[in-house]
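Asker: Sharing a model prediction with you, sequence too.
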Amino acid sequence: MVRIGVLLTHSKQEWKKGELFDCTEEWTKQIAKKFVFDHDEGKHKRNGKFGIPTDVLTGSYIQHALQEKDVNVDLITPQEVSKERLASNDLNFLLVYDDLEAFHTDKSVDKVHFKKFRKCLSEAKNVYPPRKYQEFVYSKINYYNYLQQKKVSVLPTFTMTVEEYRKIGHSTAVDKVLEFHQRECTNNVIGKPVLGQEGKDIEWFNGEDRVLLSAYMQRNMKKYPGLVFQRMVEGFGNTQKSPELRMYYLGNDYKYSICAGAYASVKDKVTRFYRPETEGGTLKAPMQKLKLATKKILKKLPPMVMPNGARLPRLITRLDMGYLQDGQYAPFVNEVEFVPSLYAECKPAQKNVEDYIATCAKQMVKITRQYVKSRSHCPKSRRVLKPQFQKRARRAVR
């Protein structure tokens, strides 16, 4: 028997963000009602506000749609994460809930739940993606520097860790950012926090904004392990003049792209989505060039090597690409994600998302089988399933 753990995020959080997927396939009727949000729940009726969280759907697809007799799925809610629970599975997957999600959703004093979760993951040897890769992506400082070393195009970038900030002092730190602005930026510079999520604590400054920049750094160096500053591309991510294209890969295969622009309705925070013309949308994007570029970037990312040395296939990778600067084609990587939003609320992409969930589920089974096989030569690493987890696993997928 192969046991696959899926670490779930808070379902209510996915409902609040409007990232539920309305899947009506017959197999979804077997999903526990606590994960299903009916069409009439809440005041909003738009896509994303009713349905099932995509992490639940992915794990449930393995159990109820694939129906492989030697595969069992353990859906683990944030409150249920423990060293023992993780050890009871062959391999545990992060699909939405990870360090960043735990950090930003934990409202407890001193981030107690986040610290407990991080400790469990850092000590576990059977979590995918492996811890080393997780930490690579969590730190914008790490991966921007890595990409530059690999000759991958990113915007002019200046980084500073909280340790560097404390060592040189606040005033000198501000001076260094302003020197970077004067040297590399013709207009504004944008600041992003390490461990930032969903645009939180992102601000931009011009060369005369010392007071605002100083306040920004002082505030955020208390909250985050570091800050990244980059040259700002005017209108980037909010207009079709300079789109940010989220490009989804499953394993090594390209699947689909979405551009999430500015709100169509600021009051209701309804995002305006664009799809490339080649995928049935209206966005004039050079997809052939971008696919070639991103496939090369994917090959340059660190491999998935588990603590036991097993090199496993990739699962989810989203490359957030800019490609227009001053009206000219000049592609660059803005973000790298391994637990991205799938934009389940984007109606034109519904078929793509549904296919992505199914393909992801199949890839998870493939990865787990490969990991179990690699581990068969190491008897000490084989899991022992305790009786209490046997019962819990059976209930989790009902």
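Answerer: In hand now; what should we look at?
Asker: OK, contacts around S214?
Answerer: H170, V174 (CB atoms under 8 Å, 6 or more residues apart in numbering). Every C-beta, even on glycine, is put in place using the N, C-alpha and C of the backbone.
Asker: how about a cut-off of 6 Å?
Answerer: S214 makes contacts with V174, as judged by CB atoms under 6 Å, 6 or more residues apart in numbering.
Asker: if I read this right, V56 contacts K34, doesn't it?
Answerer: No: V56 is beyond contact range of K34, at 9.6 Å (criterion: CB atoms under 6 Å).
Asker: Show me which of those two is the more surrounded one.
Answerer: V56 (28 against 9; other CB atoms under 10 Å).
Asker: what's the distance between the more buried one and W204?
Answerer: 37 Å (CB to CB, to the nearest Å).
Asker: Same check on Q182?
Answerer: For Q182, the distance to W204 - CB to CB - is 16 Å.
Asker: Show me which of the two is the more surrounded one.
Answerer: Set Q182 next to W204 and count neighbours by other CB under 10 Å: W204 wins out with 17 against 10.
Asker: So that one: helix, strand or coil?
Answerer: Classification of W204 using DSSP: H, G, I helix; E, B strand; the rest coil returns strand.
Asker: Buried residues of the helix or strand hosting L147, list them for me.
Answerer: Assigned by DSSP states H and E, L147 belongs to helix 140-149. Residues of helix 140-149 classed as buried by neighbour count (16 or more other CB atoms under 10 Å): K140, I141, N142, Y143, Y144, Y146, L147.
Asker: what's near enough to touch M321?
Answerer: M321 neighbours (CB under 6 Å, 6+ apart): L245, M247, P331.
Asker: any idea how far I4 is from the closest residue to V2 other than its chain neighbours?
Answerer: Excluding the flanking residues, the one nearest V2 by CB to CB, 6 or more residues apart in numbering is V71, at 5.0 Å. Using CB to CB, V71 is found at 7 Å from I4.
Asker: Kindly report the same for T28.
Answerer: From T28 to I4 the distance is 18 Å (CB to CB).
Asker: between those two, which one's more packed in?
Answerer: Neighbour count, other CB under 10 Å: between T28 and I4, I4 has more, with 24 against 20.
Asker: can I assume that one sits in a helix?
Answerer: No: counting by three-state DSSP, I4 is not found in a helix; it is strand.
Asker: need the strands for the stretch 51-200 of the chain, in chain order.
Answerer: Assigned by DSSP state E, counting those that start in this stretch, the strands in the stretch 51-200 of the chain fall at 52-53, 71-76, 91-94, 127-128, 157-161, 189-193.
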